[in-house]
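Q: could you look at this predicted model? Sequence included:
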Amino acid sequence: MRRLALVVLAVFAATYAFAQTADKRRSGYADMDASVQKMQDDDTANPAMLWVQEGEALWGKPVGSANLACADCHTPARLGGMAGVAARYPAWSPALGRAIDLEGRLQLCRTLHQKGPALADESRELLALTAFVARQSRGQPVASPDDRRLDATLRSGETLYKRRQGQLNLSCAQCHDDNAGQKLAAVTIPQAHPTAYPLYRLEWQALGSLKRRLRNCLIGVRAEPYPYSAPEYVALELYLAKRAQGMKVEAPGVRP
Amino acid sequence: MANVLINAPKSVKKGQAFEVKTLILHPMETGFRPGTNGTIIPRNIIEDFVATYNGVELIRLKLSSAIAANPFVAFQVAVTESGTLAFRWTGDEGFAIEQSVAIAVE
Amino acid sequence: MQRRSFLAGTTALVAVLPLASAHATPESLQAAIREVVGSAALREGKVKIDLPALVENGNTVPLGVTVDSPMTATDRVKAIHVFNEKNPQPHVYTATLGPGLARADISTRIKLGDSQKIVVVAETSKGEFWTASADVIVTLAACLEDLT
């Protein structure tokens, strides 16, 4: 009897250890050609760093009727630095009473704190600032907040992810869960982790946001992409962040 | 704002080879692509890239439409005295950007 | 869901790169090379091309060129010419190398509209021409970009 219990315990422990180490999640980075991986790895060769550099300049530039720069408020002494911040987004915004992504958070500082106009969606300035902030979380684990206020958004993100849509009638999950690792034409379907955004996509020849990437996939299944301001994106982004919990932030990455 | 990234060591050993890497924000529009209204988007590329050290030309590249957007150029240099590594990109639509970095020989 | 129907349904996702009206041809490539080399002999060797054999996106393809040369005042590489076979024009770039260059070693990134051959010609201070070529297969991107 005692022996059996020990065996059961041993098997249980082994299974548990296996479950701990067998994380099958892999970043889209792992499927890329070595030459593209090299482009992401080397900051002096990664074209996304052009945007990061611009973001750094914008960070110090006063704007709005408050005439304040990001750097004026976000000092190490006052509000702390930006390290690890991007890893926590999307997060709940008490000011807006809804979930917001990192771009949304920056826009809030623009309008609320700097008292200036919001930046245009997917504009060079917004991407540059986002890249500059996200870069400071590189290497840190995705830490999507455990916040009950996000539950409804998370659920709607999961529903959207699993719902068939578009003329091709495909869900995100059919490609990115059921067929990840398979070839679609010559492209390996990635697991759709959001860890490298904003990123430089060779296809775009520019930096782009996770929203732009999601729009590409929506157009891919012949669905009408939601407008940039739609809550659907934040919901999907939150669901993707939860799926990638603990994976390393790569931003700003490079993808084909 | 000149959006250029230059990577070169601040100080080097005399005569020892080092790599210089440059990136510049530019669309490198080929002049062969049709736009949304069907007409060809006019060519807009960087045609010339020149790097000099203390005024002496190190390398000159004549670029074409086949160079990728946001051009990247890297090469190997060796210098014997401290000085200025200067770069100049020129191209269509009056594009002209100059940037330089100082290099100290130990 | 059956895999076959899945893959059949999704080939519609494949974006086709816009076809250029004009193409460099093997003939125009040869003509462009002749223009550089003139009547001198063109020998295989000394040139090394670093280019991925298969690329997923032809918009930005890393290209490294190195030429085996002592790079001294009297024996060095003066110029490196890069050509392609199928882009609209045969020229990719021409580099003129000054005496301050430590090595004949240049990295750039190029655009490739199609699978093709890249040819490099190196011109030395002694008036020699060395060449090498490399083939690259360009596959296509999977998801479309909206034009809005």
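A: That came through fine.
Q: where does pLDDT dip in chain A?
A: Where chain A drops to pLDDT under 70, the residues are A:1-21.
Q: kindly report the residues of it close to chain B.
A: Listed as neighbours of chain B in chain A under the rule CB under 8 Å from any CB of the partner chain: A:44, A:45, A:47, A:49, A:50, A:53, A:54, A:57, A:205, A:206. C-beta: built from backbone N, CA, C; applies to glycine.
Q: same check, this time on chain C
A: Residues of chain C that fall close to chain B, judged by CB under 8 Å from any CB: C:18, C:20-22, C:59-61, C:84, C:87-89, C:91-98, C:100-103, C:105-112, C:147.
Q: within reach of chain A, which of those are there?
A: Among the residues of chain C next to chain B, proximity to chain A is found for C:59, C:60, C:61 (CB under 8 Å from any CB).
Q: quick check: the first one is in a helix.
A: Put plainly, it is residue C:59. No - the assignment for residue C:59 is coil, going by DSSP: H, G, I helix; E, B strand; the rest coil, so no helix is present there.
Q: quick check: it touching residue A:254?
A: No - under the criterion of CB atoms under 8 Å, residue C:59 makes no contact with residue A:254, lying 11.7 Å away.
Q: just the CA atoms of stretch B:50-65, as CSV, please.
A: Written as CSV, here are the backbone C-alpha positions of stretch B:50-65 (Å, rounded to 0.1, in the frame of the first residue of the first chain):
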residue,chain,number,x,y,z
VAL,B,50,29.5,58.6,-49.2
ALA,B,51,31.6,58.0,-46.1
THR,B,52,34.7,60.1,-45.5
TYR,B,53,37.3,60.1,-42.8
ASN,B,54,39.0,63.5,-42.1
GLY,B,55,37.8,64.5,-45.5
VAL,B,56,39.2,61.6,-47.4
GLU,B,57,36.7,59.3,-49.1
LEU,B,58,36.4,55.8,-47.6
ILE,B,59,33.6,54.4,-49.6
ARG,B,60,30.9,55.6,-52.1
LEU,B,61,27.9,53.6,-53.0
LYS,B,62,25.7,54.3,-56.1
LEU,B,63,22.4,52.9,-55.1
SER,B,64,19.4,51.7,-57.2
SER,B,65,15.7,51.0,-56.7
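Q: is that stretch anywhere near chain A?
A: No - applying CB under 8 Å from any CB, one finds that stretch B:50-65 is not in contact with chain A, the shortest distance being 13.1 Å.
Q: does that stretch reach chain C?
A: Yes - using CB under 8 Å from any CB, a contact is recorded between stretch B:50-65 and chain C, made by B:53, B:56, B:57, B:58, B:59, B:60, B:61, B:62, B:63, B:64, B:65.
Q: for chain C, what spans make up the strands?
A: Across chain C, reading from the start of the chain, the strands by DSSP state E fall at C:42-44, C:47-50, C:54-55, C:61-67, C:77-84, C:91-97, C:101-110, C:116-124, C:129-138.
Q: just give me the lowest mean pLDDT stretch among those.
A: Ranked by mean pLDDT, the strands of chain C bottom out at strand C:54-55, which scores a mean of 90.
Q: got a list of what the closest residue to chain B within chain C touches?
A: Going by CB to the nearest CB, chain B is nearest to residue C:102 of chain C, at 3.5 Å. Residues touching residue C:102, when contacts are defined by CB atoms under 8 Å, 6 or more residues apart in numbering or on different chains, comprise B:17, B:18, B:76, B:77, B:78, C:71.
Q: mind doing that once more with 7 Å?
A: Contact partners of residue C:102, counting by CB atoms under 7 Å, 6 or more residues apart in numbering or on different chains, are B:17, B:76, B:77, B:78, C:71.
Q: and the fourth one, how many residues sit next to it?
A: If I follow you right, that is residue B:78. Each residue near residue B:78 was counted by other CB atoms under 10 Å in any protein chain shown, and the total is 18.
Q: and it, how far is that from chain C?
A: Residue B:78 sits at a distance of 4 Å from chain C (criterion: CB to the nearest CB, to the nearest Å).
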